[in-house]
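*Asks:* everything below, folded, please.
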Amino acid sequence: MLEPISIDFAALNITTLLPMIITIVGALVIICIDLMTKELSRSFYTVLTMLFILLSLGTVFGFNGYSRGFFDVVLVDGIALIAQIIILVTSFLFIPLALGKRRFQEFAMAEFYALFLFMIAGFQFMVSSDNFILIFIGLETASLSLYTMIAMHNRAKAHEAAIKYFAMGALAAGFYVMSALIFYALTGSIEIHQIAQTLQARSFEPLVAILAGTVFMIGALGFKLSMVPFHTWTPDVYEGSSSALAGYMSIVPKIAGFVVAIRLFEMLIDSGVVWLENILYICVVLTMTFGNIVALVQEDVKRMLAFSSIAHAGFVLSAVLIGTTEANAGLFLYWILFMFANLGAFTMLWATRHRKNLWDNRYQHPFTKFSGMIKIMPAYAVVMGIFMFALAGMPPFSVFWGKLYLMSTAVNNGFVILAIIMALNSAIAIYYYMKLVVYMFLKEPISTDKDAYSSNISIALKVIIGFSVVITTISIVMIEPLLEIILNYITLSGF
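*Replies:* Residues are numbered from 1 along each chain as shown. The predicted model follows:
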């Protein structure tokens, strides 16, 4: 007779799951409320969602050390904590964008807010584990929620964007499963740290199988990170999504992908896999260069920001290539600073959102739309100009300090040529960001209707934009304390 399996509940350390449990419970609560009544407004669901995000964020701040839980598949370390903070803060800043002046279908549906919380939980699981199975569960939970949220925008382009994202996401999921299968077959483990130890003990043989597994994983993560050549979905999906959701997608899914890349690729590189370093080097250079060059010829501001986000992802991916504590700190510093500037820029596009295209048959936000904006709405033009200067990496605005820190890290670790390529790409980026500034400040307006530029603006949007502007402009005083906090978190991870 088989003996019953006894599980020590205390040993499961369920508290490691608490941030994810709160967001999942929040999603279920919203679904239950919606089943009981259909009369509640988007304001109620927005506030309720923000409340659950705050509760989850509070539990994340409650952790102060390394721990594992739930059969050791959940990993709470400094990298997991700081990534969750970025995810939750970005989510907290995003969801009030539902309170625009105009009413759009998705924000009137309770399901949108439930899916949003499920998506957050998925990303939290991704960054809080080094177990391939749990990472995959988190990846698919977040992705399936995001596909649906894009399609809920109820435009033909939104449906097209959701289908393209789903198709590419399914391909990436296949790559991920194939990679995990190969690594499991080679090592008998699905834990990243154990895989690295086993492969190192075997002197990374057989090489062909390890190379195949690594290439499949690069393909899977390359999709989330918009890494060239897996970037093809990015401009069309951003264009078809609402500007608010496009801004969110440019930040949160990528930080989750960066964390998985840090855990796997840095361990392999540290173990002496030189060919992986060479592959990543090529991917970094191609991604940042291609994104910048294609952004130069875009006619729509949203598509320009989509290609620029590809370039920014390539820039930050250099930190994974370098692989030091200093580089990892630079990655999180850069992404926090980028988060406020990029979300602010997309929020400005969301503030001018119309149900119909007023300026162009295809594009919602062509450059010509912003012609002479300084004469029509000077405050809006100045704010958008600040975000463009910041994203271009112009001092003293936020992203400049992130770029400077990453380039200095590259030089300090012997990647001098990489640092030069990063500097050249930063120079290219100035051109297309300043193109919008030229339209706003130096060209004559094509319309004097102020309502056309503020049709969706509301108090909630003004607060988010104002907060982003403040962080973007005064970031110079935040760099040292922010770096110190980031380094303290990373030290918990042993990186």
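
*Asks:* and the gap between Ser458 and Ala351?
*Replies:* 8 Å (CB to CB, to the nearest Å). Where you see a C-beta, it was placed from the backbone N, CA and C, and this is true even at glycine.

*Asks:* which parts of the stretch 51-200 of the chain are strands?
*Replies:* For the stretch 51-200 of the chain, the strands defined by DSSP state E, counting those that start in this stretch occupy 67-69, 74-76.

*Asks:* with distance to Glu239, mean neighbour count and mean pLDDT added, can I get those strands in JSON lines?
*Replies:* As requested, the strands of the stretch 51-200 of the chain are exported to JSON lines (distance: least, CB to CB, whole Å; neighbours: other CB atoms under 10 Å; pLDDT from 0 to 100):
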{"stretch": "strand 67-69", "distance to Glu239": "41", "mean neighbour count": "16", "mean pLDDT": "78"}
{"stretch": "strand 74-76", "distance to Glu239": "36", "mean neighbour count": "24", "mean pLDDT": "87"}
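
*Asks:* can you list those strands in JSON lines and add distance to Arg102?
*Replies:* Below are the strands of the stretch 51-200 of the chain laid out as JSON lines (distance: least, CB to CB, whole Å):
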{"stretch": "strand 67-69", "distance to Arg102": "44"}
{"stretch": "strand 74-76", "distance to Arg102": "41"}
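
*Asks:* select, out of those strands, the one closest to Leu35.
*Replies:* Leu35 sits nearest to strand 74-76 of all the strands of the stretch 51-200 of the chain, at 30.4 Å, using CB to CB.

*Asks:* ok, that closest one: who's next to it in the sheet?
*Replies:* In the sheet, strand 74-76 lines up against strand 67-69 (antiparallel) (DSSP bridges).

*Asks:* quick one: Val74 from Gly100, how far?
*Replies:* 37 Å.

*Asks:* do the same with Tyr281
*Replies:* Tyr281 is 43 Å from Gly100, by CB to CB.

*Asks:* equivalent analysis for Leu146, please.
*Replies:* Distance of Leu146 to Gly100, given as CB to CB: 20 Å.

*Asks:* which one's more surrounded, these two?
*Replies:* Between Leu146 and Gly100, counted using other CB atoms under 10 Å, Leu146 has the larger neighbour count: 27 against 22.

*Asks:* pretty sure that one is touching Ala161, no?
*Replies:* No: Leu146 is beyond contact range of Ala161, at 10.7 Å (criterion: CB atoms under 8 Å).

*Asks:* so who does the closest residue to Thr141 other than its chain neighbours touch?
*Replies:* The shortest distance from Thr141 to any non-neighbouring residue, by CB to CB, 6 or more residues apart in numbering, is to Gly122 (3.3 Å). Counting by CB atoms under 8 Å, 6 or more residues apart in numbering, Gly122 makes contact with 137-143, 145.

*Asks:* likewise for Gly247?
*Replies:* So Gly247 contacts 94, 342-343, 345-347, 349-350 (CB under 8 Å, 6+ apart).
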